[in-house]
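1. Predicted model and sequence below, questions to follow.
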Amino acid sequence: MAELSGKRVAFLLTNGFEDSELTSPWEAVTSAGAEAVLVSPESGTITGKKGHEASVDLAVGSAKADDFDGLVLPGGVANGDKLRMDADAVALVRAFFEQHKPVGVICHGGWIMADADVLNGRTVTSYPSLKTDLRNAGATWVDEEVVVDAGLVSSRTPKDLPAFNDKLVEELAEGEHEGQTA
């Protein structure tokens, strides 16, 4: 596995996230040596749709892409829908793309990328119900376990987490990607 020592990775989510889409990538990046930071529009503790509780480390309005080496966008219908309506969250996602930093997104996490206007010309996958939204945002949508497009790692569902985690850690280890643009 790639080494992520010294890297900081932001996980952007709110209440209603898909539990395993937070816990599994979090374990993957921290096991590789990165510091994981939970960023949210909420404060205190947030709860996943299956009851997993996680402590928020940083308010999204205070988070800056400059302070991180990569971003992870877990899914969950409620999570994805709430985040895309938060202007600070959308701006943060866009900033990661503007700075060419790796981004990992799974399931319904892709909705916020449509609102951040960062999908034009990109190839991605997601939960199948997002296919039309992501295509309308300019992406080429494919039904594959994991897709890597110049620093953008995407997967469909929790069953894809092993492949997603491997590629996420690999892209984070590689660092900035010139093709990762807004």
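-> Noted; the coordinates are in hand.

2. What's opposite the most centrally placed residue in the chain in the beta bridge?
-> Taking Cα atoms, centre = their mean, the centroid of the chain lies closest to Leu73, which sits 2.2 Å from it. Beta bridges link Leu73 to Val105, judged by DSSP bridges.

3. For it, give me its contacts.
-> If you count contacts by Cβ atoms under 8 Å, 6 or more residues apart in numbering, Leu73 has them with Leu12, Leu13, Leu83, Val93, Val103, Gly104, Val105, Ile106, Gly109, Gly110, Ile112, Met113. Every C-beta, even on glycine, is put in place using the N, C-alpha and C of the backbone.

4. Secondary structure element for the last one, which one?
-> If I follow you right, that is Met113. helix 111-115 (DSSP states H and E).

5. roughly how far apart are the residue nearest to the centre of the chain and Gly104?
-> In this view, Leu73 and Gly104 are 7 Å apart by Cβ to Cβ, to the nearest Å.

6. Output the contacts of Leu73 in JSON lines; the columns should cover neighbour count.
-> Compiled in JSON lines, those are given as follows (neighbours: other Cβ atoms under 10 Å):
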{"residue": "Leu12", "neighbour count": "29"}
{"residue": "Leu13", "neighbour count": "31"}
{"residue": "Leu83", "neighbour count": "29"}
{"residue": "Val93", "neighbour count": "28"}
{"residue": "Val103", "neighbour count": "26"}
{"residue": "Gly104", "neighbour count": "30"}
{"residue": "Val105", "neighbour count": "29"}
{"residue": "Ile106", "neighbour count": "32"}
{"residue": "Gly109", "neighbour count": "30"}
{"residue": "Gly110", "neighbour count": "29"}
{"residue": "Ile112", "neighbour count": "25"}
{"residue": "Met113", "neighbour count": "30"}
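
7. of all these, which comes closest to Ala28?
-> When the contacts of Leu73 are ranked by distance to Ala28 (Cβ to Cβ), Gly104 comes first, at 9.5 Å.

8. you'd agree that closest one is up against Glu171?
-> Yes. Using Cβ atoms under 8 Å, Gly104 is in contact with Glu171, at 7.3 Å.

9. Need the residues touching each of those two.
-> Among the neighbours of Gly104, those also in contact with Glu171 (Cβ under 8 Å, 6+ apart) are Gly70, Val153.
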